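Peer 1: Attaching a predicted model along with its sequence, questions to come.
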Amino acid sequence: MYDLPAEITVEADGALRVITLNRPDALNAVNDALHTGLAKLWPQLSDDRDARAAVLTGSGTAFSAGGDFNYLAELARDSRLRTKTIAHGRDIVLGMARCRVPIVTAVNGPAVGLGCSLVALSDIVYIAESAYLKDPHVQVGLVAADGGPLTWPLHTSLLLAKEYALTGARIPAERAREMGLVNHVVADPMSEALACAKRMLGLPQQAVESTKRLLNLHLERAVLAALDYATTAEEISFQHPDFHAIIEQLAAKR
């Protein structure tokens, strides 16, 4: 219903918007179209005056498997694509932080890379018992300009944020809940997320939206303090020999 690529679907149910990452055959891995769509999504959702709550999830068995390998290989070669992607990463972060509409996320499977970032930028998160979070940027030689290091210190201790950002280790669902990175570990995250969003639909709109904005002012202030450095460091890491060597190693294994 918005001006978006096929890799993202938005369905309306009254004042509720159900947003689905839609590359199920690729585990909703992020390619250029999906990344561009996410940059365009949040302003359109915020400008949709009939929308009062949104649920975000992934199609199929994953929330998002992170960066598509072919996309990463393109980014290693194409400076214009890198510039666009880094700008869109900034748009995604600030777009979610500033979005008027509360975003309830249903993590139905692995949330890796940018998928993990979307979880961190959400307002309320339900995660499946078998799902996990993972920010593997460092493992491929990249700085996570829109990833865990940018937002995790607001959710958990700085020591724990460092542990998982610097190692790229997997965070199981229950561990993520203990750390404060998600709200609830449940058997059916989609039904729980829908129920939560619908509860907010029954509350006074101005109070809900202004309370979200009040809370997200803390998020936005922290993000803006680090975002310029993060995007510059990410641009450098895309051009670093370490990243290019890792991409070549991955290509050789395919």
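Peer 2: Alright, I've got the coordinates. Residues are numbered from 1 along each chain as shown.
Peer 1: CA only for contacts and neighbour counts going forward, please
Peer 2: Noted.
Peer 1: now the host helix or strand of residue 235, how far from the centre of its chain.
Peer 2: Residue 235 belongs to helix 205-238 when assigned by DSSP states H and E. Distance, stretch centre to chain centre, for helix 205-238: 13 Å (CA atoms, centre = their mean, to the nearest Å).
Peer 1: next one: stretch 169-182
Peer 2: 15 Å.
Peer 1: Report the buried residues of that stretch.
Peer 2: For stretch 169-182, a neighbour-count test (16 or more other CA atoms under 10 Å) marks 170, 171, 172, 173, 174, 176, 177, 179, 180, 181, 182 as buried.
Peer 1: Going along the chain, name the helices of the stretch 101-250 of the chain.
Peer 2: Along the stretch 101-250 of the chain, the segments classed as helices by DSSP state H, counting those that start in this stretch run 114-120, 148-155, 158-167, 173-179, 189-201, 205-238, 241-253.
Peer 1: what residues does the first one touch?
Peer 2: Applying CA atoms under 8 Å, 6 or more residues apart in numbering, the set of residues contacting helix 114-120 from outside is 30, 63-67, 105, 107, 111, 125, 133-135, 146-148, 151-152, 181-182.
Peer 1: what about residue 249, distance to residue 114?
Peer 2: 22 Å (CA to CA, to the nearest Å).
Peer 1: More neighbours: which of those two?
Peer 2: Applying other CA atoms under 10 Å to residue 249 and residue 114 shows that residue 114 carries more neighbours, namely 26 against 11.
Peer 1: tell me the pLDDT at that one?
Peer 2: You'll see residue 114 listed with a pLDDT of 96.
Peer 1: What of residue 147?
Peer 2: For residue 147, the model assigns a pLDDT of 80.
Peer 1: can you tell me how far residue 84 sits from residue 203?
Peer 2: Plainly put, residue 84 is 39 Å away from residue 203 if you go by CA to CA.
Peer 1: tell me which helix or strand of this structure sits lowest on mean pLDDT?
Peer 2: Every helix and strand of the chain was ranked by mean pLDDT, DSSP states H and E. The lowest is helix 241-253, at a mean of 89.
Peer 1: And that helix, what's buried?
Peer 2: Residues 243, 244, 247 are the ones in helix 241-253 that count as buried (16+ other CA under 10 Å).
Peer 1: you'd agree the first one is up against residue 139?
Peer 2: No - between residue 243 and residue 139 there is no contact under CA atoms under 8 Å: 9.2 Å.
Peer 1: Mutual contacts of those two, please.
Peer 2: What both residue 243 and residue 139 touch, as defined by CA under 8 Å, 6+ apart, is an empty set.
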